[in-house]
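S.K.: A predicted structure for the sequence below; I have some questions about it.
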Amino acid sequence: MKLIRFLSKDSSEPEFGIVIANYAVAFSALQAKSGIVDDSLCDSQAYLSHLPESERAARTLLEWGEAHLQEIGEGERPALDATQLMEPIEVTALFDFGLTPRHLENSFETIMKY
């Protein structure tokens, strides 16, 4: 199972989805077609916060999508090479930690400044 975030030519916001065959398919399209709805697949943060249930839901939709790929419209399943792949997981925070003297000095200066 390959989870992806992607931009297609028709989308202005990245979509969270999965690779089926050689297509990028958004979970929103799979849920609309299959009737299998799970809120934990709306974006990568929801997916991560609802593991392992969200993984089971994603695999269920993957199996449905593989069996019913032709039922998904061409606009809803762009070819993988026609999409712009984004980082699969949205980073909400990045923590830097180091104990070198220079790093500690810079950290102290930054804390005092703000």
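M.R.: The structure has been received and is ready for your questions. Numbering: from 1, shown residues only.
S.K.: CA only for contacts and neighbour counts going forward, please
M.R.: Noted.
S.K.: what segments of this structure are strands?
M.R.: Secondary structure of the chain (DSSP state E): strands at 3-7, 15-20, 23-26, 84-86.
S.K.: for those strands, which one sits closest to Met112?
M.R.: Proximity of those to Met112 was assessed by CA to CA; the nearest stretch is strand 84-86, lying at 36.0 Å.
S.K.: before we move on, the earlier item: using JSON lines, please lay out the strands of the chain together with distance to Lys113 and mean pLDDT.
M.R.: Rendered in JSON lines, the data for the strands of the chain read as follows (distance: least, CA to CA, whole Å; pLDDT from 0 to 100):
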{"stretch": "strand 3-7", "distance to Lys113": "37", "mean pLDDT": "96"}
{"stretch": "strand 15-20", "distance to Lys113": "39", "mean pLDDT": "96"}
{"stretch": "strand 23-26", "distance to Lys113": "44", "mean pLDDT": "96"}
{"stretch": "strand 84-86", "distance to Lys113": "35", "mean pLDDT": "94"}
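S.K.: columns mean neighbour count and distance to Thr60 on top of those, output as a markdown table?
M.R.: Written out in a markdown table, the entries for the strands of the chain read as follows (neighbours: other CA atoms under 10 Å; distance: least, CA to CA, whole Å):
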| stretch | mean neighbour count | distance to Thr60 |
| --- | --- | --- |
| strand 3-7 | 21 | 13 |
| strand 15-20 | 22 | 12 |
| strand 23-26 | 25 | 14 |
| strand 84-86 | 14 | 23 |
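S.K.: got a markdown table for those strands, with distance to Ala46 too?
M.R.: Converted to a markdown table, the strands of the chain look like this (distance: least, CA to CA, whole Å):
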| stretch | distance to Ala46 |
| --- | --- |
| strand 3-7 | 13 |
| strand 15-20 | 11 |
| strand 23-26 | 15 |
| strand 84-86 | 17 |
